[in-house]
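Trainee: When you get a sec, could you give me coordinates for this:
(one chain, ligands or ions: 1)
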Amino acid sequence: MAIVYHYKLVEHEQWEGHPESPLRIRTIKKKLKNEGLWKDIVHPEMITDEDVLKVHTPRLLNRLKEGGGIPIDPDTMLKNDTYGHAMLSASVAVTAVRNALNGIPTFALTRPPGHHAGRDWMGGFCYLNNVAIAAEAAGVRTAIVDLDVHHCNGTEDVFYDRNDVLVIETHEDGLYPRTGQKEDIGEGAGTGYNVNIPIPAGSGNKTYEKAMDEIIIPVLREFAPELIIVSLGVDAHYCDQTSHMLLNTQGYIELCKRIIGESKGGRIAFILEGGYHLRATAEVVAGVLAALDGMTIQPEYNEDKGEQSNGLREIKKLREYIGERWKL
Ligand SMILES: [Zn+2]
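Mentor: Predicted coordinates:
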């Protein structure tokens, strides 16, 4: 395994006290060092505007370059240095995917995150869609699995009419950005290749495992990607204050292990999205890296909160719906 990292990733800051803070990367790094997992560090190779324009509009790129210290939405500032930070984050993702294509499973310590950035919009802490730019740069049949608790509206937008990139995701139903209906299955050639799995608030390990085993894994097998990219948000953890989900650390690690099990020849990259409880996020990242190395960690944030939703029933219904297009 390998980790793509750059010391300047901590220079990006919305404002003091913002949840998407430099402390996220700092805490992850500290945890990985403590666990003996801070090794095989890869320096990102910088991408160019040309790479960005394969995914985003010239309008978005120009706006990003202009900066100006203005809010894009109540939670996302566009500053004069944001362009540089967003380019670095996307470069980290692209480098991770190139590494993965060479058979080395790789974790990208990206920030700012990217999955809310669409072809022509920024927002939700995101400016450039790191995962989309990386998938485009890879240029192979790719499955993107998004486990962030928020719907990946940006990633969906980029690949909505494409059948060479599968987007399959889980999110908390009704949470920001309030998109991600099950009926949103893609369009044109991409019909069926966008798979949304909205999960009710209060769901925990069992609901997620059911979604993974009965929907995500069978769809991945049928799609048979050459490359798997995981948009790993850790904000469905019960410690996270931005959502109402009850996954614990081991639950997260098990989900990731199942996805790793579907990758071929080491061609899997994990790209960090959200996750705002610093230590729980760091612990999950450490657990995933340990799993890639055939090792385990002893999680601290691992209470069993059970299921406080009708999630299992919802997954059963979703399975029937998605099963109309995929062999589940
Ligand atoms: Zn999120």
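
Trainee: Neighbours of whichever residue of the stretch 201-328 of the chain sits closest to the ion, how many?
Mentor: Closest contact between the stretch 201-328 of the chain and the ion, by Cβ to the ion, is at Gly274 (2.9 Å). C-beta coordinates here come from the backbone N, C-alpha and C atoms, glycine included. Using other Cβ atoms under 10 Å, Gly274 has 27 other residues around it.

Trainee: What's the separation between it and Val42?
Mentor: Distance of Gly274 to Val42, given as Cβ to Cβ, to the nearest Å: 23 Å.

Trainee: All the strands of the protein, residue numbers only.
Mentor: 2-4, 41-42, 70-73, 76-78, 106-108, 142-146, 165-172, 194-199, 227-232, 268-272 (DSSP state E).

Trainee: average model confidence for the fourth one?
Mentor: Think strand 76-78. The average pLDDT within strand 76-78 is 98.

Trainee: Is it in proximity to the ion?
Mentor: No - applying Cβ under 5 Å from the ion, one finds strand 76-78 separated from the ion by no less than 12.7 Å.

Trainee: what about the closest residue to Thr191 other than its chain neighbours, how many neighbours?
Mentor: Nearest residue to Thr191, sequence neighbours excluded (Cβ to Cβ, 6 or more residues apart in numbering): Ile185, at 6.1 Å. Residues near Ile185, counting by other Cβ under 10 Å, number 18.

Trainee: picking that back up, would you turn the strands of the chain into CSV with mean neighbour count?
Mentor: Below are the strands of the chain laid out as CSV (neighbours: other Cβ atoms under 10 Å):
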stretch, mean neighbour count
strand 2-4, 24
strand 41-42, 16
strand 70-73, 14
strand 76-78, 19
strand 106-108, 30
strand 142-146, 27
strand 165-172, 26
strand 194-199, 23
strand 227-232, 26
strand 268-272, 30
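
Trainee: Throw these into a markdown table and include distance to Leu23, thanks.
Mentor: Listed next are the strands of the chain as a markdown table, based on distance: least, Cβ to Cβ, whole Å:
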| stretch | distance to Leu23 |
| --- | --- |
| strand 2-4 | 18 |
| strand 41-42 | 19 |
| strand 70-73 | 22 |
| strand 76-78 | 17 |
| strand 106-108 | 18 |
| strand 142-146 | 23 |
| strand 165-172 | 24 |
| strand 194-199 | 28 |
| strand 227-232 | 18 |
| strand 268-272 | 14 |
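
Trainee: Fine, thanks again, bye for now.
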